[in-house]
Each structure stands twice: as structure tokens, then as C-alpha cells.
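1. Structure of the sequence below:
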Amino acid sequence: MIYYTLNNLLGQVVAIFRWHGILLDTPEPWQLGFQDAASPVMEEVIFLHDQIMFILTIIITAVLWLIVRALTTKHYHKYLYEGTLIEIIWTLIPAAILVFIAFPSLKLLYLMDEVIDPALTIKAIGHQWYWSYEYSDYGSDTIEFDSYMIPTSDLNNGDLRLLEVDNRIIVPIQTQVRVLVTAADVLHSFAVPSLSVKMDAVPGRLNQTSFFIKRPGVFYGQCSEICGANHSFMPIVIEAVSLDKYIHWVANWSAETD
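-> Purely as a prediction, here's the structure:
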């Protein structure tokens, strides 16, 4: 009950910050923390991270206190060879902490692997050094396109260096999307941090992942597997729009290819 109350409160705070334009969906220079979550799985990842950091803070504080106390006190047990009680304590407490961390971790691990009734399937194919995408849910009107990074010399004001592409992935919000990931040449990796998506692209093999985007936005990722000289020039851009805009985009694409 407390968990869901905290989650709802956090969601309201996030909504307020987003309304005022404080939350961003792009990486910041020298950023150390996570990007803003745009999917339920990423929210769970951040929640688990914060939970573990809280535990680590308590442990580090306790260890530092013990070190300072040991260095400053003049009293010690010179002939203490065993202490059953203290041994039980320093065995049970770490075990309980590990269990407290393990259960949410396992839950999240299985949640990330679960693909729940996808309404849309996209195939992402990694190449040296660009991505190609296929929307094959529309019968003979398959949508196919390549996505190349826009060179720095062609960027407009406000564009992000090494992250903009000529063709974005367009998906509807509030929709379960499955992504089939493979590669045409060498190992690549399809990764979008805001969505907690990271899946290896292996030649000759289809891997799958999924995401559910809760709000409109543009979400950036990159190839996360060293794949050659231009590995850092393989950005991924996912634009999440309303269902009406997505249907309009599909209709326009089909009309252009006819």
C-alpha cells in the first residue's frame, strides 16, 4: 500500500515538473544520473536504483562510524577470540539486506523480458553504420526505411550533435510495442535509456524487446556495442505521438509509396 502511494505521489510530482518544462528527454553534458523515465519499466529501474542507493548510504555511514570509533576509543578486547552473538548479527543482517535487494531485482529482471500482447511490431536491423526499420503489421503495405545520422554540418539550431537522424521511428503512445532486433553484418546493440531498452543485435538471430511509452516526446539512444570505426555515429531516435497522428503518419507513408 505504501509502495503504490509513493509511486502515485512521485507521478504527480513528475507531472508538475514536466508541466513547467523542467524534465528533459535528452542526455545532458556531464550527466551522471538516469534520463527522465518515459516507460513503466524505466520507472521501476529508477525506483530500484534509489532503493539500493539508500541501503548503501546507510551501510557506508555505519562502516565509517565503526572505523572512527575503533580509531578513537582507548578500550578494546585484547583477548577476545570469538563472539557468537556478533557473528550471528554480521551474518544475518547482510543476508537480510541481500534478500531485500534480490526480490525487487528478480521481479524487474523478469518484467523486462516480458512481451505483453504487442499492438505493434517493429524490426530494427543494425548495419555498419546505420539502422533500418520495418513495420510489417500492415500486410502488403510494409513500411521500410533506413535511418542515418545527420552530419554536424547539416544540423539546424537546437539539433543535438551525433543524435539526430534523417528518419525517426514513429510510435503511438500508450501502446505496447515489440521490437525485433537483428544485424546484417557485425554485432550491434539497440539501446534507448529513457525507455529502459537495450538489446543486442546479432547477425542471423532475432532478439526481441518491448516498451510502453506513457507520454509524447522524442527519445534518443545509440548503438551500445562497439561495431567498428563509426560505432559512435549510429543514433536511434524514437518519436512518440498520439494515436491519431500515428495513423496519419502511416497513411501518408502508404500514399507516398503507392
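2. what sits against the nearest residue to T209 once chain neighbours are set aside?
-> Nearest residue to T209, sequence neighbours excluded (Cβ to Cβ, 6 or more residues apart in numbering): M199, at 4.2 Å. No exception for glycine: its C-beta is placed from N, CA and C like everyone else's. Neighbour list for M199: V179, V181, S189, F190, A191, N207, Q208, T209 [criterion: Cβ atoms under 8 Å, 6 or more residues apart in numbering].
3. which of the residues you listed count as buried?
-> Listed as buried from those are V179, V181, S189, F190, A191, N207, T209; burial here means 16 or more other Cβ atoms under 10 Å.
4. In three-state terms, label the residue nearest to T209 for me.
-> What DSSP: H, G, I helix; E, B strand; the rest coil gives for M199 is strand.
5. May I have the beta-bridge partners of it?
-> Bridge pairing for M199 (DSSP bridges) gives the partners F190.
6. ok, so what distance separates it from G221?
-> 11 Å (Cβ to Cβ, to the nearest Å).
7. Not counting its neighbours along the chain, what's nearest the residue most central in space within the chain?
-> In the chain, the centroid-proximal residue (Cα atoms, centre = their mean) is S196; its distance is 1.8 Å. In space, and not counting its chain neighbours, S196 is closest to M42: 3.9 Å by Cβ to Cβ, 6+ apart.
8. Look at that neighbour and give its secondary structure.
-> State at M42, reduced to three classes by three-state DSSP: helix.
9. Near it, how many residues? Count them for me, please.
-> Other residues lying near M42 total 24 when counted by other Cβ atoms under 10 Å.
10. tell me the pLDDT at it?
-> Predicted confidence (pLDDT) for M42: 93.
11. Tell me who's in contact with it.
-> M42 makes contacts with F34, P193, S194, L195, S196, as judged by Cβ under 8 Å, 6+ apart.
12. If any of those are buried, put those into a PyMOL selection.
-> To isolate the buried ones among the contacts of M42 in PyMOL, judged by 16+ other Cβ under 10 Å, type:
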select buried, resi 193+194+195+196
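13. and which of the contacts of M42 is nearest to I122?
-> Minimum distance to I122 across the contacts of M42 is 12.7 Å, recorded for L195 (Cβ to Cβ).
14. just checking, that closest one touches K214?
-> No. Taking contacts as Cβ atoms under 8 Å, L195 lies outside contact range of K214: 10.0 Å.
15. between the two, what contacts are shared?
-> A38, S39.
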